[in-house]
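Enquirer: Return atomic coordinates for the entry below.
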Amino acid sequence: MIVFHDPAAIPDGFGPSVVAIGKFDGVHTGHRAVIDRARVDAATGGAAVVAVTFDRNPLALLRPEICPDSLIGVHQKIALLADAGVDAALVLRFDEELAALSPRAFVEHVLADRLGAQVVLVGADFRFGRGGAGTPATLAELGAEFGFDVQVVGDVRAIDGDRRVSSTWIRELLSAGDVETASKLLGRLPSVWGEVVHGLKRGRELGFPTANLSSGLEGFVPAEGVYAGWLVDEGHGAPDPAATARRSIRYPAAISIGNNPTFGDVAARQVEAYVLDETDLDLYGHRVEVQFAARIRGMVAFEGIDPLIAQMTDDVVRVRAALG
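Expert: Residues are numbered from 1 along each chain as shown. Next comes the predicted model:
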């Protein structure tokens, strides 16, 4: 997948394209319905499938006081869009200049001039242009003028409860530790991504050495507790999230989220993963993805080291069972 960060970087003659526009926070099943429709539309016309998205939630600039935490970061978003079969992504920096564009200027500047859009797909709640003035109907009017069709893709809804699949719903589930239901809405395991850094090395002293993720990790961290999941090692350096075949090693892991309440010496909540049966794995400085498959228990404080070790031993047994 090709990644552009500015319309000016798109080469002359790019296109034709079928464009899906959205925040794509989580690239969940609702988002992929839009992308899949774009892929079908592009299949017979020789067009490229392009995702137009943003480097942050627009509310981070426009209404930071109500902006929710993002489900994924830019690195994760690019990787997930590539996995979804997108040919190119335009990741726009959402700054004051972009926010000030009128709907017409946005269409002309982004869709018509550089991408050669033939079809543009959006969700029913899509808004664009200064003050969110543009709607799907506005986009359709402009499309008629600039030579592209507009398709509004309906919501993906749960049969039980008839609730729309949304980033808001997924955040609610993760905040409650329900990673299994969140996985169904995402169409994949929820995850965080970041660099492994040095911690207090207490896990090693207890016989369960852990890979500690940096505080600057990407992704929405689920509720405190112990989880069964996977650690995907992407190695040193700056990986290419847009690569269709990324080199990585996947390990089963017991994952802890919390502030070590037994010892009370960790100020901020941290994510750490014990790779099962690995006691000498050196992951410091590696970029890793930690994927959450099932919640084993909540986070509790123990009266001493021995009860803690006994519980951690039992956690590992339960993690093995959960991962099959």
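Enquirer: buried sites along stretch 138-149?
Expert: Neighbour counts over stretch 138-149 (16 or more other CB atoms under 10 Å) mark 138-143, 148 as buried. Where C-beta positions appear, they are placed from N, C-alpha and C, glycine not excepted.
Enquirer: wait, what's in contact with the residue nearest in space to the middle of the chain?
Expert: Computing the C-alpha centroid of the chain and ranking residues by CA atoms, centre = their mean puts residue 72 first, at 2.9 Å. Going by CB atoms under 8 Å, 6 or more residues apart in numbering, residue 72 touches 25-27, 80, 218-220.
Enquirer: Would you mind giving these as TSV with distance to residue 299 and neighbour count added?
Expert: Converted to TSV, the contacts of residue 72 look like this (distance: CB to CB, whole Å; neighbours: other CB atoms under 10 Å):
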residue	distance to residue 299	neighbour count
25	26	23
26	25	29
27	29	28
80	28	24
218	22	18
219	19	25
220	17	21
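Enquirer: and those, which of them are in strands?
Expert: Among the contacts of residue 72, DSSP state E puts none in strands.
Enquirer: Give me the subset of the residues you listed lying in helices.
Expert: residue 80 (DSSP state H).
Enquirer: List just the nearest of the contacts of residue 72 to residue 18.
Expert: residue 27 (17.2 Å; CB to CB).
Enquirer: Check the spacing between residue 73 and residue 55 real quick.
Expert: Distance of residue 73 to residue 55, computed by CB to CB, to the nearest Å: 9 Å.
Enquirer: that older thread, what pLDDT does the residue nearest to the centre of the chain get?
Expert: pLDDT, residue 72: 97.
Enquirer: How about residue 262?
Expert: Per-residue pLDDT puts residue 262 at 53.
Enquirer: Residue numbering should commence at 823 henceforth.
Expert: All right, first residue 823 from here; so that's residue 1084.
Enquirer: for this structure, what spans make up the helices?
Expert: Using DSSP H, helices in the chain cover 851-865, 881-884, 896-905, 918-921, 925-928, 958-968, 989-997, 1001-1008, 1024-1028, 1127-1145.
Enquirer: quick check: mean pLDDT across the first one?
Expert: It refers to helix 851-865. On average, the pLDDT along helix 851-865 is 93.
Enquirer: and the residue lying closest to residue 979 once chain neighbours are set aside, what is it in contact with?
Expert: Excluding its sequence neighbours, the residue lying closest to residue 979 (CB to CB, 6 or more residues apart in numbering) is residue 986, at 5.3 Å. Under the criterion of CB under 8 Å, 6+ apart, the neighbours of residue 986 are 852, 977-980.
Enquirer: Could you list the low-pLDDT ranges of the stretch 1023-1146 of the chain?
Expert: Scanning the stretch 1023-1146 of the chain for pLDDT under 70 picks out the ranges 1023-1028, 1059-1061, 1066-1068, 1083-1089.
Enquirer: Do a quick rundown of the strands in it.
Expert: 1033-1035, 1047-1055, 1071-1080, 1092-1097, 1109-1119 (DSSP state E, counting those that start in this stretch).
Enquirer: what's the most buried one of the ones you listed?
Expert: Highest mean neighbour count of the strands of the stretch 1023-1146 of the chain: strand 1033-1035, a mean of 26 (counted as mean count of other CB atoms under 10 Å).
Enquirer: who touches that one?
Expert: The contact list for strand 1033-1035, computed with CB under 8 Å, 6+ apart, reads 1014, 1016-1021, 1053, 1092-1097, 1103, 1105, 1108, 1110, 1112.
Enquirer: 6 Å instead?
Expert: Contact partners of strand 1033-1035, identified using CB atoms under 6 Å, 6 or more residues apart in numbering, comprise 1016, 1018-1019, 1021, 1093-1095, 1105.
Enquirer: wait, which of those residues is closest to residue 1047?
Expert: For the contacts of strand 1033-1035, the nearest to residue 1047 is residue 1093 (11.2 Å; CB to CB).
Enquirer: Bridged to the closest one, which residues?
Expert: Per DSSP bridges, the residues bridged to residue 1093 are residue 1079.
Enquirer: Return the residues in contact with it.
Expert: Residue 1093 makes contact with 1014, 1035, 1079 under the criterion CB under 6 Å, 6+ apart.
Enquirer: Now distance to residue 1065 too, for those residues, in JSON lines please.
Expert: Converted to JSON lines, the contacts of residue 1093 look like this (distance: CB to CB, whole Å):
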{"residue": "1014", "distance to residue 1065": "20"}
{"residue": "1035", "distance to residue 1065": "22"}
{"residue": "1079", "distance to residue 1065": "29"}
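Enquirer: closest to residue 1137 among the residues you listed?
Expert: Nearest to residue 1137 among those, with distances taken as CB to CB, is residue 1079, at 12.7 Å.
Enquirer: domains of this protein?
Expert: Domains of the chain are assigned by automatic domain parsing as 824-975, 1012-1145.
Enquirer: got CSV for the ones you listed, with distance to residue 1004 too?
Expert: Listed next are the domains of the chain as CSV, based on distance: least, CB to CB, whole Å:
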stretch, distance to residue 1004
domain 824-975, 9
domain 1012-1145, 5
